[in-house]
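> Structure, please.
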Amino acid sequence: MKQSNIPSAQTIVKVCEVMGIQDIIISPGSRNAPLTLSFTENPFFNCLSIIDERSAAFFALGMALQHQKPVAVVCTSGSALLNYYPAIAEAFYSAIPLLVISADRPPYKIDVGDGQTIRQDDVFHRHIGYSVNLKLDVGHAQDRIASYAPKLLEESQESVQRYNDQELTKGIGILFGKKLPVHVNVPFEEPLYDTTEELWDTAFQAFPVPQPKELETDEIQQFSKAWNAAEKKLVLVGVNHPNAIAEEHLKMLGNDPSVIVLTETTSNLHYPSFFTSIDSIVFPIEKSGQSDSLFKELQPDILLTFGGLVVSKKVKAFLRRYTPKQHWHVDAIRAFDTYFSLSHHIKTTPTVFFGKLLQAYYGAVNSSYFKTWDVVRKDYEKKRDAYIHQIPFSDFLAFHHIFKRIPKNAQVHLANSSTVRYAQLFPLDASLQIFCNRGTSGIDGSTSTAIGASFYYEGQTVLITGDLSFYYDSNALWNQHLRKNFRIILINNSGGGIFRILPGNDDSKNFETYFETKQEQRASHICQQFGVAYDMAETEKELVERLDSFFETSDAPKLLEVVTPRKVNNKILLTYFDFIS
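Have a look, this model is predicted:
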């Protein structure tokens, strides 16, 4: 088996192999040739080529998100690396293990006017789990090193190898242990394309992936005592991977009259008594004449949170003003103090925590907490159904029809920003797996992430996106890895419709140009360019008709563009909250 004859390239490939990092997303270049040659010649790896580095990084993030394993991206030197930054920031805040491997020029060629060079070491230092800056091999290209930086040859190749092995061990430990992105920057001197079948020795050894810790007996007794005594317990779940919580734990929460469980579409949790539209609870309280007393009635004794970031700004504002007596966050790695009231970070998984809590569970405490707010929940659900039958074609009505018709067991990706917010208002089938890039909540990589996540998913993947998100990431379609059962539903409301809902909308030309960014593009030409079957709907009748066949088996991926009225959508959404209030 041929490998690059450069020791550090061989070492990185060996590290990935022994740690089971099998998926390698490579963007083209010359400086990364040693890595490209070594990865692609090794049959252990699944190597994919994606030209656009920004899209490639989000594609890799989608793969890692879907099957919960690290994925590596490999790029050449210079600005190529900087294009990874949006996906790295998303991975950092969403705890997704992304391994970033960048080829670099030798240190003596940085800042001397050499082409395609930037300061690559520690370039992501504020949004990375660990930065591994490898030393330049001195057993390779010794004549060049002697000409440019002879002092480097005072260190032996064995010493360089020991340092590189140690740094890689630290970085890979954080990648697996903390599920954070890790950057490995490796300098290469020319020649870059020479290969060998001889392998350099590396001291790197595979190590077991850290397991979540067990709670101490006194810890669980402390939490159990407080839990069993509290009459108002609010469980708020953010981004959560499908099937992560056992059914018995859902029943414990869902059948307790002192517990309200607030979930979002990205929570991927389903139980008949859970509250699935947070804003539909909070917004009417804000608009009522007795908001203070109602919020105090909803204010919990214990706020228990787990999962990733929460979409609803309304619930954040409520919990920041009406703070709980205690806020527990359950996560094996980290806890954000989102509501400025964090009292306990319970460093284990929700499965371990709820398992222990269930063992010490006394049973339901006497409380009217759930019963009181369940009446409100059922009321807004009835009003939502009534509202749908009296509004014209709009974003709101389009989402209603779309969510009713997505096939069971589909993997659904939601773009930011209005798309994911509309999704919170409607019930979704429990078989659906819902994902969204909520770490940084950016629009920049939604399509690439969905395509990457679809790579190993045998069922259908459906991306629901807005026009700005789709056009911004249209290079996502520029690869050979779109599955035939991939589906895109593009809600085209001719601009950033979310801004028409936010304060500042005055319908002026400046607003349309610089906030809403009004546009009249259609996706047909993009679809034609990349081999995606295209259809369009401009009325409710057309949408329903198109959806009837949209999810059927096809020979190519499909896109359905749904054109909605730009100046009507915001009024219909805001009127909805007035209606249920």
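> I'd like the distance between residue 156 and residue 204.
18 Å (C-beta to C-beta, to the nearest Å). (C-beta placed from N, C-alpha, C; glycine too.)
> which of the two has more neighbours?
Taking neighbours as other C-beta atoms under 10 Å, residue 156 and residue 204 compare with residue 204 leading, 18 against 11.
> which SS state does the more buried one fall under?
Applying DSSP: H, G, I helix; E, B strand; the rest coil to residue 204 yields a three-state assignment of coil.
> So it is in contact with residue 12, correct?
No - contact status for residue 204 versus residue 12: not in contact, 9.6 Å apart, counting by C-beta atoms under 8 Å.
> what's the overlap in contacts for the two?
Residues touching both residue 204 and residue 12 by C-beta atoms under 8 Å, 6 or more residues apart in numbering: residue 168.
> Least confident secondary structure element in this structure?
In the chain, no helix or strand scores lower on mean pLDDT, DSSP states H and E than helix 509-514, which sits at a mean of 67.
> contacting residues around residue 182?
By C-beta under 8 Å, 6+ apart, the contact list for residue 182 reads 97-100, 128-132, 171-172, 174-175.
> Out of those residues, give me the one that has the most neighbours.
Busiest of these [other C-beta under 10 Å] is residue 98, holding 31 neighbours.
> distance of that one from residue 156?
For residue 98, the distance to residue 156 equals 33 Å [C-beta to C-beta].
> Tell me which residues are up against stretch 277-288.
Here stretch 277-288 makes contact (C-beta under 8 Å, 6+ apart) with 262, 264, 275, 291, 294-295, 298, 312, 314-315, 318, 373, 376-377, 380, 384, 424-426, 577-578, 580-581.
> Make a ChimeraX selection of the buried ones in those.
ChimeraX command restricting the contacts of stretch 277-288 to the buried ones, with burial defined by 16 or more other C-beta atoms under 10 Å:
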select :262,264,275,294,295,298,312,314,315,318,373,376,377,380,384,424,425,426,577,580
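> Out of the contacts of stretch 277-288, list just those in helices.
Among the contacts of stretch 277-288, the members falling in helices (DSSP state H) are 291, 294-295, 298, 314-315, 318, 373, 376-377, 380, 384, 577-578, 580.
> Among the residues you listed, list the two that are farthest apart in space.
Distance extremes for these: the farthest pair is 295 and 384 at 21.9 Å, using C-beta to C-beta.
> Residue 40: what secondary structure?
Residue 40 - assigned by three-state DSSP - is helix.
> Give the bridge partners for the closest residue to it other than its chain neighbours, please.
Once flanking residues are discounted, residue 40 sits nearest to residue 47: 5.0 Å by C-beta to C-beta, 6 or more residues apart in numbering. In this structure, residue 47 bridges to residue 24 when assessed by DSSP bridges.
> quick one: residue 47 and residue 74, what's the gap?
9 Å.
> same deal with residue 147?
28 Å.
> Who has more neighbours out of the two?
Counted by other C-beta under 10 Å, residue 147 and residue 74 do not tie: residue 74 has more neighbours, with 25 against 10.
> ok, that one touching residue 38?
No - when contacts are counted by C-beta under 8 Å, residue 74 is not listed as touching residue 38 (10.0 Å).
> residue ranges with poor pLDDT in the chain?
Applying pLDDT under 70 to the chain flags residues 362-363, 496-507, 511-516, 518.
> Can you give me the domain assignment for it?
Domains of the chain are assigned by automatic domain parsing as 3-192, 217-376, 391-580.
> so which of these gets nearest residue 210?
Shortest distance between residue 210 and those, using C-beta to C-beta, is found for domain 3-192: 4.5 Å.
> could you pull out the strands for the stretch 101-250 of the chain?
Along the stretch 101-250 of the chain, counting by DSSP state E, counting those that start in this stretch, strands occupy 130-133, 182-187, 195-196, 233-237.
> in its sheet, what does the longest one sit against?
The one in question is strand 182-187. Here strand 182-187 is paired, per DSSP bridges, with strand 98-104 (parallel), strand 130-133 (parallel).
> hmm, who's touching the longest one?
Strand 98-104 is contacted by residues 12, 16, 21, 29, 31-35, 57, 60-61, 64, 70-77, 80-81, 84, 87-88, 91, 120-121, 124, 128, 175, 181-188 when judged by C-beta under 8 Å, 6+ apart.
> again, only this time at 6 Å
31-32, 61, 64, 70, 72-77, 81, 84, 91, 120, 175, 181-185, 187-188 (C-beta atoms under 6 Å, 6 or more residues apart in numbering).
> Now, of those residues, which are buried?
Among the contacts of strand 98-104, the ones that count as buried by 16+ other C-beta under 10 Å are 31-32, 61, 64, 70, 72-77, 81, 84, 91, 120, 175, 181-185, 187-188.
> what about the one residue sitting closest to the centre of the chain, distance to residue 426?
Centroid-nearest residue in the chain: residue 437, 3.5 Å away (criterion: C-alpha atoms, centre = their mean). Counting by C-beta to C-beta, the gap from residue 437 to residue 426 is 20 Å.
> In three-state terms, label residue 65 for me.
Following three-state DSSP, residue 65 is assigned to helix.
> where's the residue sitting furthest away from the middle of the chain relative to residue 268, distance?
Here the chain reaches farthest from its C-alpha mean at residue 147, the gap being 46.8 Å by C-alpha atoms, centre = their mean. Distance, residue 147 to residue 268, using C-beta to C-beta: 58 Å.
> The residue nearest to the centre of the chain: helix or strand, and which one exactly?
Assigned by DSSP states H and E, residue 437 falls within no helix or strand.
> With adjacent residues omitted, what lies nearest to it?
With sequence-adjacent residues excluded and distances taken as C-beta to C-beta, 6+ apart, residue 437 is closest to residue 90, at 5.2 Å.
> give me every residue that touches that neighbour.
437, 439, 440.
> dump the residue contacts of residue 239.
By C-beta under 6 Å, 6+ apart, residue 239 lies in contact with 266, 307, 308, 309, 438.
> now those residues: which count as buried?
The neighbour count (16+ other C-beta under 10 Å) marks 266, 307, 308, 309, 438 as buried among the contacts of residue 239.
> wait, the fourth one sits on residue 440?
I take that to be residue 309. No - counting by C-beta atoms under 6 Å, residue 309 sits too far from residue 440 to count as a contact (9.2 Å).
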